[in-house]
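Visitor: Build me a model from this:
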Amino acid sequence: MNLDDYGSLYGEALSLARIAVPAGTLLHRAAGEVLEMAAAYHSDGFAFLHSGDRVNALAAFAYGLGWLDAGSRLGLLEPSSAHPPETVAACIAASQDAHLDEKTHRYRRMLDAALGAVEVAADGASPLHAAAGEFYSAARAWYAQGVVLLDAGDRAAALALFSYGYAWLDAGIRAGLFRITGERGLFTV
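Guide: Numbering: from 1, shown residues only. The predicted structure follows:
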């Protein structure tokens with residue numbers, strides 16, 4: 001799927017997304033924040049795409065879809081959905097090669113640091129403890145797959161995976177699954 005289609009898929013998924021928890025409940029605020037982040041990055045992605053910045057568009061789309069999918073997995077959003085960026089062909093022009101290289105390597109470093117800067121916040125007997133483990137494993141797996149693709153020379157696919165995985169960590173923090181034990185500036189809190 002090309003980047004334009006990826007953005008359209010994102011828009012369709014976002015248009016269907018609804019907060020799944022009742023208004024006035026304690027989790028409603030978390031659900032609203034997750035949906036707000038997903039909507040913001042959709043808008044940002046298209047702004048980048050229309051300005052010709054396909055690198056930042058790709059990162060924004062993957063990151064925003066990560067928020068949407070993480071919120072869905074937590075049960076904060078419906079319908080249940082998953083949109084991992086495994087099939088995106090970003091077609092980044094050679095003129096943006098240095099930008100792609102810098103951003104991909106920076107996101108790799110940032111996600112690696114972020115994975116080391118959180119710990120599970122929920123008690124071991126809580127279902128949220130298991131959820132934190134699942135979210136952490138998902139972010140770690142997207143990171144590992146991104147490293148493999150980066151080492152193979154596919155920087156655009158690696159950037160998408162790093163961005164998507166990062167969103168799972170950020171959403172997990174917003175939902176209270178994780179506590180930040182390292183640099184707070186690595187997270188959208």
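
Visitor: Residue 179: what secondary structure?
Guide: strand (DSSP: H, G, I helix; E, B strand; the rest coil).

Visitor: In three-state terms, label the most far-flung residue of the chain relative to its centre for me.
Guide: Within the chain, residue 125 marks the point farthest from the mean C-alpha position, 27.2 Å out by Cα atoms, centre = their mean. What three-state DSSP gives for residue 125 is coil.

Visitor: What values do phi and psi take at it?
Guide: When read as degrees, to the nearest 10, the backbone of residue 125 gives phi -90, psi -10.

Visitor: Likewise for residue 120?
Guide: Per degrees, to the nearest 10, the backbone of residue 120 is at phi -60, psi 130.

Visitor: how many other residues sit next to it?
Guide: 19 (other Cβ atoms under 10 Å). In this view, the C-beta of every residue, glycine as well, is placed from N, C-alpha and C.

Visitor: What of residue 54?
Guide: Other residues close to residue 54 by other Cβ under 10 Å number 20.

Visitor: so who does it touch?
Guide: The neighbours of residue 54, taking Cβ atoms under 8 Å, 6 or more residues apart in numbering as the test, are 3, 48, 90-93, 96.

Visitor: Mind picking the one among these that's closest to residue 143?
Guide: Nearest to residue 143, judged by Cβ to Cβ, of the contacts of residue 54 is residue 90 at 18.7 Å.
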